[in-house]
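Undergrad: coords below, sequence missing:
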DNA sequence: TTTGCACTGACAGTTCACTGACACTCATCG
DNA sequence: CGATGAGTGTCAGTGAACTGTCAGTGCAAA
């Protein structure tokens, strides 16, 4: 899960980042409206947490410009306490949820998860790409219809690649997703998981772009 | 059965909670629309009892937002006496049943049970999966037609797995369902119940997906 | 050819789930 | 009131599955 947190207060920003990272998000941050707008417009995030009170371009304007440019990622807006007009304007500008300050970190995490679940979990719980199929309800994986037994880490790695099927995912990002910053492992741990997973799935499912990262190979099985 | 009761009047809330707990529901409560919406959007309930007259966000808005977000749990709406327009609006907003105030607690319990039964079993109170059969009226369990005597906790665990037969249920969720957030037990308590239950049901009924959770094994007895 | 990233198999430590034993609580009954 | 038994949580031990590390190999890019 790739997430952008936009918050100008360095203390809150640090706390928010820590809490979201602890619950498995890969968190990037922006401090002002200009940076936020640029990142949100050029990068692909699964979720954006956006403070409305920002220096430079204010949050509402950022959100409106994203939506005007067709950026559809879910956005969770942080508003000052009691600022009802901000909430209404936020919803109208295209926010998917709002959270009034001050808030407990657990609440932020819960809402973030709910938003992601909602945006991801629409439609069939079975995602397919080429010969590969992942049933996110049963945590089950199959290739060409044949069930493949995968472990917890293997499954998380695979579903992350499936979620970001449209790009090459760097190993650092995969490591962060699997372990978080807290207990970092060596890069080789990731390679070990990949080796085992490839042995189970067969060749050609997970591709490598040397120096950049890994990706799901859609060409396999041509469709 | 996990249930959310939304009611601002503390006296009624207490009575409702007591009555529903006495009939076997695990009851959580919310006092205003904001809390209700958040809980209903982030937690998984088997039933919601919702008073329409609430401070903050009113009940109808809460219900509409749940449905707009794809939350499908059955909702029983409580309306003021004679407020016909509220009932109509409630049904249109996605309520599954309504109950005009004042009401007798027995009636509330009866309707709550009916709603859960309707949403779970398609009319029949007996649900089957593979060799397993659960009679939700009698709280009776049988395997291959042979009655099995189960305790209260075992039954609740089993019926919850039956309710969510289409997915793997994490142990944390099972713990929440069995005990609620209030008095948490160690994960081992769950495993103890599972061991006893499996001994009664025989092998192959309840499956484990290591690192994810538990599920009812439909393949057993093939049908 | 050189360089360095990526891959692999083997191994060992760790974690996870399961299980039996025991203790505690509570209701029932004499 | 005390005995009894069912139900259930906790503890501790076990075995198996999982996974990180290591050491060595392969291979792509420059």
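TA: Good, I have the coordinates. For clarity, every value in this text was computed on a predicted model and none was experimentally measured.
Undergrad: Would you map out the domains in chain A?
TA: A:2-120, A:126-214 (automatic domain parsing).
Undergrad: closest one to residue B:76 among those?
TA: domain A:2-120 (22.7 Å; CB to CB). (Each C-beta comes from the backbone N, C-alpha and C, glycine too.)
Undergrad: what residues does chain A put near DNA strand C?
TA: Contact residues, chain A versus DNA strand C (CB under 7 Å from any atom of the strand): A:171, A:187-188, A:191-192, A:194-195, A:198-199, A:208, A:210-212.
Undergrad: With secondary structure and distance to residue B:178 added, can I get the residues you listed in CSV?
TA: Converted to CSV, those look like this (DSSP: H, G, I helix; E, B strand; the rest coil; distance: CB to CB, whole Å):
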residue, secondary structure, distance to residue B:178
A:171, helix, 40
A:187, helix, 41
A:188, helix, 41
A:191, helix, 40
A:192, helix, 37
A:194, helix, 38
A:195, helix, 39
A:198, helix, 39
A:199, helix, 39
A:208, strand, 45
A:210, coil, 50
A:211, coil, 50
A:212, coil, 46
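Undergrad: pLDDT-wise, what's the bottom of those residues?
TA: Ranked by pLDDT, the residues of chain A next to DNA strand C bottom out at residue A:187 (89).
Undergrad: quick revisit: now, of the domains of chain A, which is deepest in the fold?
TA: domain A:2-120 (a mean of 18; mean count of other CB atoms under 10 Å in any protein chain shown).
Undergrad: hmm, that one touching DNA strand D?
TA: No. Using CB under 7 Å from any atom of the strand, we find that domain A:2-120 stays clear of DNA strand D, coming within 14.2 Å at best.
Undergrad: one step back: now tabulate the domains of chain A in TSV and tack on distance to chain B.
TA: Shown next, in TSV, are the domains of chain A (distance: least, CB to the nearest CB, whole Å):
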stretch	distance to chain B
domain A:2-120	5
domain A:126-214	3
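Undergrad: Tell me which of those approaches residue B:107 most closely.
TA: Of the domains of chain A, nearest to residue B:107 by CB to CB is domain A:2-120, at 33.1 Å.
Undergrad: mind putting the residues of chain A next to DNA strand C in JSON lines, distance to residue A:144 included?
TA: Output for the residues of chain A next to DNA strand C, formatted as JSON lines (distance: CB to CB, whole Å):
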{"residue": "A:171", "distance to residue A:144": "27"}
{"residue": "A:187", "distance to residue A:144": "31"}
{"residue": "A:188", "distance to residue A:144": "30"}
{"residue": "A:191", "distance to residue A:144": "25"}
{"residue": "A:192", "distance to residue A:144": "25"}
{"residue": "A:194", "distance to residue A:144": "20"}
{"residue": "A:195", "distance to residue A:144": "21"}
{"residue": "A:198", "distance to residue A:144": "15"}
{"residue": "A:199", "distance to residue A:144": "16"}
{"residue": "A:208", "distance to residue A:144": "22"}
{"residue": "A:210", "distance to residue A:144": "27"}
{"residue": "A:211", "distance to residue A:144": "31"}
{"residue": "A:212", "distance to residue A:144": "28"}
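Undergrad: Return only those of the residues you listed found close to DNA strand D.
TA: A:188, A:192, A:210.
Undergrad: still on that earlier bit, comparing the domains of chain A, which yields the minimum mean pLDDT?
TA: Across the domains of chain A, domain A:2-120 gives the lowest mean pLDDT, at a mean of 83.
Undergrad: Assign residue A:61 to helix, strand or coil.
TA: helix (DSSP: H, G, I helix; E, B strand; the rest coil).
Undergrad: for it, what are its contacts?
TA: By CB atoms under 8 Å, 6 or more residues apart in numbering or on different chains, the contact list for residue A:61 reads residue A:33.
Undergrad: Identify the residues contacting the closest residue to DNA strand D within chain A.
TA: Chain A approaches DNA strand D most closely through residue A:151 (2.9 Å), counting by CB to the nearest atom of the strand. Neighbouring residues of residue A:151 by CB under 8 Å, 6+ apart: B:210-211.
Undergrad: if I look at it, how far off is residue B:60?
TA: 46 Å (CB to CB, to the nearest Å).
Undergrad: is it true that residue A:48 touches residue A:77?
TA: No. Here residue A:48 does not reach residue A:77: they are 9.1 Å apart, not a contact under CB atoms under 8 Å.
Undergrad: hey, where'd the strands end up in chain A?
TA: When assigned using DSSP state E, the strands of chain A occupy the ranges A:2-6, A:26-30, A:47-51, A:75-79, A:97-100, A:126-129, A:132-135, A:140-143, A:146-148, A:206-209, A:213-216.
Undergrad: which helices and strands does the last one pack with?
TA: On a contact count with 3 or more CB pairs under 8 Å, 6 or more residues apart in numbering or on different chains; DSSP states H and E, strand A:213-216 meets helix A:152-163, helix A:171-179, strand A:206-209.
Undergrad: partners of the shortest one in the sheet?
TA: Read it as strand A:206-209. Applying DSSP bridges to the sheet, strand A:206-209 is found paired with strand A:213-216 (antiparallel).
Undergrad: Do any residues in the partner strand lie close to DNA strand D?
TA: No. Counting by CB under 7 Å from any atom of the strand, DNA strand D is not contacted by strand A:213-216; separation bottoms out at 13.5 Å.
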